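Engineer: Got a predicted structure here, sequence first:
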Amino acid sequence: CAKKVKLAKDDTNDLATCRVLLAELEGHQDAWPFLSPVNHKAVPGYRKVIKKPMDFSTIREKLANNRYLNLETFIIDVNLVFDNCEKFNEDNSEIGRAGHNMRRFFDKRWTELLR
Ligand SMILES: Cn1cc(C(=O)NCCN2CCCC2)ccc1=O
């Protein structure tokens, strides 16, 4: 076919990349606070403080229902999980540390897969 504009990013494999990245996040030993939506009835203050809750099961649902436009909108949701965690939890807490570990792991993996 006609020569494509070089500047366009090749997004052919983005969906597969999102599935791989999500599976690795879910399989991480520090994923336990993020596997399901935070139960705001059991966690006082959460609903008021965190305006846009997000978790790995919700991301999986959105991926399965083709709700992500591209890799970037997927990465925005993953980072929302970690940003919510930093907002609500002390750095020096079980869940706070898990969030920092998971963000570090994610940043390393997606740059490896895409650079
Ligand atoms: C991300 N995040 C999670 C929680 C939480 O309590 N998650 C439940 C974790 N449990 C593990 C086994 C059953 C449920 C609280 C604050 C927060 O920011």
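Structural biologist: Good, I have the coordinates. Everything numeric here is computed off the predicted structure, so don't read it as measured data.

Engineer: so which residue of this structure comes closest to the ligand?
Structural biologist: The minimum distance from the chain to the ligand, using C-beta to the nearest ligand atom, falls at Pro33 (3.9 Å). For glycine as for every other residue, the C-beta is placed from the backbone atoms N, C-alpha and C.

Engineer: Please identify the buried residues of the lengthiest helix in the chain?
Structural biologist: The helix that spans the most residues within the chain, counting by DSSP state H, is helix 94-114. Burial within helix 94-114, assessed by neighbour count using 16 or more other C-beta atoms under 10 Å, is assigned to 96, 98-99, 102-103, 106, 109-110.

Engineer: Looks like the residue of the chain closest to the ligand contacts Phe82 (just checking).
Structural biologist: No - counting by C-beta atoms under 8 Å, Pro33 does not reach Phe82; the two are 10.7 Å apart.

Engineer: what residues are shared contacts of those two?
Structural biologist: Common contacts of Pro33 and Phe82 (C-beta atoms under 8 Å, 6 or more residues apart in numbering): Gly99.

Engineer: Now Tyr46. Its backbone dihedrals?
Structural biologist: The main-chain torsion angles of Tyr46 are listed as degrees, to the nearest 10 and equal phi -60, psi -50.

Engineer: what number of residues lie near Leu22?
Structural biologist: The local packing count at Leu22 equals 18, with neighbours defined by other C-beta atoms under 10 Å.

Engineer: Let me see the contact set for Asp30.
Structural biologist: Neighbour list for Asp30: 97-98, 101-102, 105 [criterion: C-beta under 8 Å, 6+ apart].
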